[in-house]
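Student: The sequence isn't on hand, but the structure is:
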C-alpha cells in the first residue's frame, strides 16, 4: 500500500533569519553591521541593528512579514532619530534595502 504524500506547509519566517540575511547582505556591500541586544539599560525603542559605511549610518528595525508592526517606543525612537537627520529603515527582508540602492 502506498503512503499518501503530505504537502509540507512552509515554515514561518523567523525574525532571526531575516536579521542574518540583512546582516550578510550589508556586509557583502561593505557595511560594518552592529546588532543590539535589547535589555536593561538599552535606549527605549532602539533599533535592532545599525550599519555604517563611509560616514553614513543606517538604523534598521527588523520585522517579520505580515502584521508585525513597530511598538510605540520604536515609533518614538524613529521619530526622534529622523528629527536629527538619521536614516531609519524597517526591513522585512533584503528587498527593503535593495530599493534604497544600498
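Tutor: Structure's in. What do you need? Just so we're clear, the structure is a prediction, and the values are computed from it rather than from any experiment.

Student: Give me the mean pLDDT for the helix ranked longest in the chain.
Tutor: The longest helix of the chain (DSSP state H) is helix 15-28. Summarised as a single mean, pLDDT over helix 15-28 is 95.

Student: between the longest strand seen in the chain and helix 15-28, how many degrees?
Tutor: Criterion DSSP state E: the longest strand present in the chain is strand 56-62. In terms of direction (axes from the mean of the first three to the mean of the last three Cα atoms, to 10 degrees), strand 56-62 departs from helix 15-28 by 160 degrees.

Student: picking that back up, show me what the following helix or strand past the longest helix of the chain is packed up against.
Tutor: Following helix 15-28 in sequence order, the next helix or strand is strand 32-35 (DSSP states H and E). For strand 32-35, the elements it packs on are helix 15-28, strand 49-53, judged by 3 or more Cβ pairs under 8 Å, 6 or more residues apart in numbering; DSSP states H and E. C-beta here means a position set from N, CA and C on the backbone, and glycine is covered the same way.

Student: hmm, back to that, please point out which parts of the longest helix of the chain sit buried.
Tutor: By neighbour count on 16 or more other Cβ atoms under 10 Å, the buried set for helix 15-28 is 18, 19, 21, 22, 23, 25, 26.

Student: And for stretch 74-94?
Tutor: For stretch 74-94, burial by neighbour count (16+ other Cβ under 10 Å) applies to 74, 77, 78, 81, 88, 89, 90, 91, 92, 93, 94.

Student: Those residues into a markdown table, with extra columns for distance to residue 14 and pLDDT?
Tutor: Converted to a markdown table, the buried residues of stretch 74-94 look like this (distance: Cβ to Cβ, whole Å; pLDDT from 0 to 100):
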| residue | distance to residue 14 | pLDDT |
| --- | --- | --- |
| 74 | 19 | 96 |
| 77 | 23 | 97 |
| 78 | 23 | 97 |
| 81 | 26 | 96 |
| 88 | 22 | 96 |
| 89 | 19 | 96 |
| 90 | 17 | 95 |
| 91 | 14 | 95 |
| 92 | 12 | 93 |
| 93 | 12 | 91 |
| 94 | 15 | 92 |
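
Student: hmm, which two among these are most spread apart?
Tutor: 77 and 94 (22.5 Å; Cβ to Cβ).

Student: Many thanks, I have nothing further to ask.
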